[in-house]
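Colleague: heads up, no residue letters with this:
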């Protein structure tokens, strides 16, 4: 409602599709909550990096810094009880889906209080009850699982939808092809959200593809698809809002390519010899958090001070999460063979 | 009671579970109008419709991935992989996803999925359509592996597998499907045979034979022959499920006989019976009067020519020889 009058729907064009600007109609509190989630991801990853430097992460981690707008924009555009599958670079998706930061951090440190009781670590955080069907250590490993969740939604007619997150690297795995094809012939309610962050480990998309846009592959499956600015939260939110509606209406899957960039190396052992500092700097200028924050401040939804306070609150929250994780007990060695079978 | 073939028993188990539970559905290649490559699902499309008899493109990896994802979210899929050789196409899903989800997620997910597949040779289908790959999957924690040898067991074990909250690889044998030699009385009612319980298919006091799937039938033939011709009484144990393994039924038998011959169709090197032999030597050494021996497939792919195929896969004669050698 604007000035007591019913707000008129405003339509926008993204990637050749006319869609409603649903972001515009959101409550300010939700718009601010999305900024908070982006900060949570950024600070969680910074905290994780500190743990890596201090040698407290037993395995590896893949940081999501620089890609926050995609996870938050997409997940806020679906319902709480909808499903997602995530990737090895999955912290952002988990946090956006509402994961508890304490429990996540405890898992990274291999603690009993973690999401997987210390059995999964960074690459396997899942919370099935909240619709998070898990990060995945295999590139493309979640694409089939997500498609199966969409089949459940269709068979049970529960009105839910699925976002399947995967990277540019996964788009060259066989399961990408066979799953999207099956989702297409069965009109499954699923959004294939390809986070094109330019590199599959060290291999540039320029070397790995001979097409301009990964979303061009939509033609191979007879589905809709488009490429969007993955660092623009508003664009991600509006696109996923639109296509989740299409999915729920039974109009089948969509392939969204979200252009973004990971600021950190692939994993904790990456010397980053395959890209230049200049390239990283250019992308850091397109910081998704900075971009979104500006929008909120310009639209007077948030003041500079409120923004600073919000970030401070999140920093305190992360200190608590780190403390919780450090103080949590490790699992007992005797638990090693538990949870293999139901 | 009426007599059913192995194939009919399997079909009946699926039909009865699908009537009882709307979450059970079938997914696989050529399973609808065609009725499956071996005819196991004939008629099921008419009864259950294409929403529950989900015919797929030729995409084994996606079949298992989709079945897994739907199992985690509340369905109870039965995925058919036409030939067990083709599970290798879906191996990332089976090994890295399906089997691991529960453990990786700290016990907070269930994967009630049955993967039915046809294994074994003897059909002249050569190296890529005849393998016995059970050892590959039995090695993976998180999977259960079932290999029925007869119609009665096939029905009860399949119902248990569908009811189980874990992924189960259910390996059927092509030569058992329609062979009327192996028809059995099968109750009309639904019944379960617990996974992890072996079965004594023949009692005997001279030697114990442990076998799987079609090799149980071949071992029984060898046992009957030796009983008639040489007055040797073999005890034949069908372990029925490789994982979980009922090692106690084998140990109980060797307490009586002192000798164990393991029979399987897969190549002997690295075969599942190596695990049986190891466990028996660890837990039952005191009762053994002779080393555990094996009769198994030769160490080559399954060949095409009948002459070569019969040499590769154990038959009654080789089992008989194995028994006589072990008895000295």
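Modeller: Happy to help now that I have it. Keep in mind that what you see is a predicted model, and the values were worked out from it rather than measured.
Colleague: From now on I want contacts and neighbour counts done on CA atoms only, so please keep to that.
Modeller: Noted.
Colleague: quick one: low-confidence parts of chain A?
Modeller: Along chain A, segments meeting pLDDT under 70 span A:1-7.
Colleague: near chain B, which residues of it show up?
Modeller: Residues of chain A found near chain B (Cα under 8 Å from any Cα of the partner chain) are A:115-120, A:124-128, A:134, A:138, A:141-152, A:155, A:175, A:178-179, A:182, A:338-342.
Colleague: Quick one: end-to-end length of stretch B:92-101, please.
Modeller: The first and final residues of stretch B:92-101 sit 12 Å from each other (Cα to Cα, to the nearest Å).
Colleague: List the buried residues for it?
Modeller: Buried residues in stretch B:92-101, counted by 16 or more other Cα atoms under 10 Å in any protein chain shown: B:92, B:93, B:94, B:95, B:97, B:98, B:99, B:100, B:101.
Colleague: Show the model's pLDDT score for the third one.
Modeller: Residue B:94 carries a pLDDT value of 98.
Colleague: secondary structure element for the closest residue to it other than its chain neighbours?
Modeller: The shortest distance from residue B:94 to any non-neighbouring residue, by Cα to Cα, 6 or more residues apart in numbering or on different chains, is to residue B:64 (7.0 Å). Following DSSP states H and E, one finds residue B:64 within helix B:60-72.
Colleague: Report all helices and strands that that helix contacts.
Modeller: Applying 3 or more Cα pairs under 8 Å, 6 or more residues apart in numbering or on different chains; DSSP states H and E, we find helix B:60-72 packed against helix A:141-156, helix A:174-185, strand B:24-29, strand B:76-83.
Colleague: residues in contact with residue B:277?
Modeller: B:262, B:292, B:293 (Cα atoms under 8 Å, 6 or more residues apart in numbering or on different chains).
Colleague: and if we set it to 7 Å?
Modeller: residue B:292 (Cα atoms under 7 Å, 6 or more residues apart in numbering or on different chains).
Colleague: quick one, phi/psi of it?
Modeller: The main-chain torsion angles of residue B:277 are listed as degrees, to the nearest 10 and equal phi -60, psi -40.
Colleague: Test for you: state the pLDDT assigned to it.
Modeller: pLDDT at residue B:277 comes out at 98.
Colleague: quick one: it from chain A, how far?
Modeller: 23 Å (Cα to the nearest Cα, to the nearest Å).
Colleague: Residue B:309 too?
Modeller: Taking Cα to the nearest Cα, one finds residue B:309 at 34 Å from chain A.
Colleague: looking at this, that residue is in a strand?
Modeller: No. Counting by DSSP: H, G, I helix; E, B strand; the rest coil, residue B:309 falls outside a strand, being helix.
Colleague: Just list the residues touching it, thanks.
Modeller: B:122, B:302, B:303.
Colleague: Try it again at 8 Å.
Modeller: B:122, B:124, B:302, B:303.
Colleague: mind checking the SS state of residue B:97?
Modeller: Per three-state DSSP, residue B:97 ends up helix.
Colleague: which residue packs closest to it, ignoring adjacent ones?
Modeller: Here the residue nearest residue B:97, using Cα to Cα, 6+ apart, is residue A:141, at 7.3 Å.
Colleague: does the one you found really touch residue B:94, like I thought?
Modeller: No. Residue A:141 lies out of contact with residue B:94 (Cα atoms under 8 Å); the separation is 10.7 Å.
Colleague: so the residue nearest to residue B:94 touches residue B:95, yeah?
Modeller: No. With contacts counted by Cα under 8 Å, residue B:64 stays clear of residue B:95, the gap being 10.7 Å.
Colleague: Residue A:158 - how many residues pack around it?
Modeller: Here the number of neighbours of residue A:158 (other Cα atoms under 10 Å in any protein chain shown) works out to 11.
Colleague: And it, how far from residue A:91?
Modeller: 27 Å.
Colleague: What of residue B:155?
Modeller: In terms of Cα to Cα, residue B:155 sits 45 Å off from residue A:91.
Colleague: Look at these two and report which has more neighbours.
Modeller: Using other Cα under 10 Å as the criterion, residue B:155 and residue A:91 rank with residue A:91 on top: 31 against 27.
Colleague: In contact with that one: list those residues for me.
Modeller: By Cα under 8 Å, 6+ apart, the neighbours of residue A:91 are A:41, A:45, A:63, A:64, A:122.
Colleague: Can you spell out which helices and strands pack onto the longest helix seen in chain A?
Modeller: If you go by DSSP state H, chain A has its longest helix at helix A:28-53. For helix A:28-53, the elements it packs on are helix A:68-75, helix A:91-96, helix A:288-298, helix A:304-327, judged by 3+ Cα pairs under 8 Å, 6+ apart.
Colleague: Let me know which of the ones you listed is tucked in deepest.
Modeller: Ranked by mean neighbour count, the helices and strands packed on helix A:28-53 are led by helix A:68-75 with a mean of 29 (mean count of other Cα atoms under 10 Å in any protein chain shown).
Colleague: which stretches of the stretch 1-150 of chain B form strands?
Modeller: Secondary structure of the stretch 1-150 of chain B (DSSP state E, counting those that start in this stretch): strands at B:2-4, B:24-29, B:53-56, B:76-83, B:114-119, B:144-146.
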